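Participant: got a sequence here, can you build the structure:
(2 chains)
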Amino acid sequence: MTLSDACIHPYPDGDSTLRRMALEAKELGFGSCVALTTQPIPVLPLKLIRGILIREETAKRVSTALRRVPAESGVVMVEAGESGFNRAVLSLRGIHVLKGIARTPQTSLDHVAARTAADHNIAVDIDLYPLVHERGMVRQKVLQRYEDLLVLHRRFRFPLTISSGARSILDQRSVRDMVLLCSLFRMSADEVRRALSSVEEITGRHGPVQVVR
Amino acid sequence: MRPRPPSLRFKRRYILVELVPRWYVPDGRDLYPFIIEAICSLFGDTVVAEMQPAVVFCEHGFAIVRCRRGTELKLGTALATVTGTSDRPFTLRGHATSGTILALKRKVQALLTAMEERICTVTGHTCNVCCYDNQKVDVIERGIKGQHLVFLTEQDSEEMECNRNTRWDMTGQ
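Facilitator: Now for the predicted structure:
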């Protein structure tokens, strides 16, 4: 079971190079990382997966953007929006992760969207960056959103991913720290480990058709 | 005041944390407000009072933070939210929890890696460079508007050296 940080932003988005972030991630207990970068991925002891983030206003534009996604992209993420947008996006093919759910209104992911995510095996991302960096009301709302998300996850069993959203090595957190941070919204250690290992599961589903005898 | 007998004292737990970046070496008193702010904003004053946190050791890029037994998970969670200030960012990474300071100090000796500081020129700017044993390189550019940090590896610095837009003079000044 490989544990993955589902989103890091290396240089030039952040102040740390991809190699350095990979080195830190390995020391922090991860086996792989999803990096939002356009630079070539070097060969490293840690498995690096190229990610792409689509930020669009409408589901139609997301659909157009999906056609332009490079073939070598391992994980395709879409920035979440309001309820109708999320429902439409979750039924599109080629999407792996719905990201930024903490920044959307409380009703943006309802039971219909949750069922669609489960049917299409699309993960919803838990970004720990606002938990670490925000204070006060903003963090309280993020905790509420994640607790609400967990209720839907336990009912409909759609996959979850956990990301540090790190733009620097100073933002990266260890597996142990992620378990502790997720306990703030009553996510159990088993659920955290399952979420950290779900990147392989969601990316491996588009393989060629195999004959089972 | 006479100290209480051991049976009447509160049981303590000690958490060993690594300060990242390692070259940032604050005093225990400098570190304490960041820890208190993190616990207070996450759990409130009641938990701070219950936890009784204190920084009992801060040397070589490692710190030992004390709390009452039973509150170490909450303290660990709060320590993960310490981010420093905008002009001096740092983070605390938990390594171990123990009932004695001595056990954690032994662990510090095992975790210590050599660090070498140099002064280099990067694109015409004079920077402090910290090179670690495990191929890590931290570049600190200090100017009038504060400091600018770049975290890379030895391989990255070699590639930058080859790049004609970036000139690295690793001979020092």
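Participant: which ones are touching residue 14?
Facilitator: Using chain A here. A:8, A:21, A:166-168, A:171 (Cβ atoms under 8 Å, 6 or more residues apart in numbering or on different chains). Heads up, the C-betas are built off the backbone N, CA and C, glycines and all.
Participant: meant chain B actually
Facilitator: Listed by Cβ under 8 Å, 6+ apart, the contact partners of residue B:14 are B:56, B:64-67, B:97-101, B:104.
Participant: tell me which helix or strand it sits in.
Facilitator: Secondary structure assignment for residue B:14, by DSSP states H and E: strand B:12-20.
Participant: which parts of the chain are strands?
Facilitator: Assuming you mean chain A. Remark: strands assigned in chain A by DSSP state E are A:4-8, A:32-35, A:47-54, A:75-79, A:97-99, A:123-127, A:160-163.
Participant: other chain: chain B
Facilitator: Ranges of strands in chain B, per DSSP E, are B:12-20, B:54-59, B:62-68, B:91-98, B:115-122, B:125-132, B:136-143, B:146-153, B:168-169.
Participant: save those as JSON lines, and put in mean pLDDT too.
Facilitator: Below are the strands of chain B laid out as JSON lines (pLDDT from 0 to 100):
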{"stretch": "strand B:12-20", "mean pLDDT": "95"}
{"stretch": "strand B:54-59", "mean pLDDT": "94"}
{"stretch": "strand B:62-68", "mean pLDDT": "96"}
{"stretch": "strand B:91-98", "mean pLDDT": "95"}
{"stretch": "strand B:115-122", "mean pLDDT": "82"}
{"stretch": "strand B:125-132", "mean pLDDT": "86"}
{"stretch": "strand B:136-143", "mean pLDDT": "85"}
{"stretch": "strand B:146-153", "mean pLDDT": "85"}
{"stretch": "strand B:168-169", "mean pLDDT": "45"}
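Participant: which of those is buried the deepest?
Facilitator: Mean neighbour count (mean count of other Cβ atoms under 10 Å in any protein chain shown) peaks for strand B:62-68 among these, with a mean of 22.
Participant: what's in contact with stretch A:63-83?
Facilitator: Against stretch A:63-83 from outside (Cβ under 8 Å, 6+ apart): A:6-7, A:34, A:49-57, A:62, A:86, A:89, A:92-101, A:103-105, A:107-110, A:113, A:125, A:199, A:202-203.
Participant: list buried residues within the residues you listed.
Facilitator: Among these, those classed as buried by 16 or more other Cβ atoms under 10 Å in any protein chain shown are A:6-7, A:34, A:49-52, A:54, A:56, A:62, A:86, A:89, A:95-101, A:103-104, A:108-109, A:113, A:125, A:199, A:202-203.
Participant: so what's the residue count around residue B:104?
Facilitator: 23 (other Cβ atoms under 10 Å in any protein chain shown).
Participant: can you check residue B:10 too?
Facilitator: 10.
Participant: model confidence at it, what's the number?
Facilitator: What the model reports as pLDDT for residue B:10 is 90.
Participant: tell me what the longest helix along chain A is packed against?
Facilitator: For chain A, the longest helix by residue count, based on DSSP state H, is helix A:137-156. When contacts are defined as 3 or more Cβ pairs under 8 Å, 6 or more residues apart in numbering or on different chains; DSSP states H and E, helix A:137-156 packs onto helix A:111-119, strand A:123-127, helix A:129-133.
Participant: kindly reformat the strands of chain B as a markdown table containing distance to residue A:143.
Facilitator: Listed next are the strands of chain B as a markdown table, based on distance: least, Cβ to Cβ, whole Å:
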| stretch | distance to residue A:143 |
| --- | --- |
| strand B:12-20 | 23 |
| strand B:54-59 | 27 |
| strand B:62-68 | 22 |
| strand B:91-98 | 21 |
| strand B:115-122 | 37 |
| strand B:125-132 | 36 |
| strand B:136-143 | 33 |
| strand B:146-153 | 29 |
| strand B:168-169 | 45 |
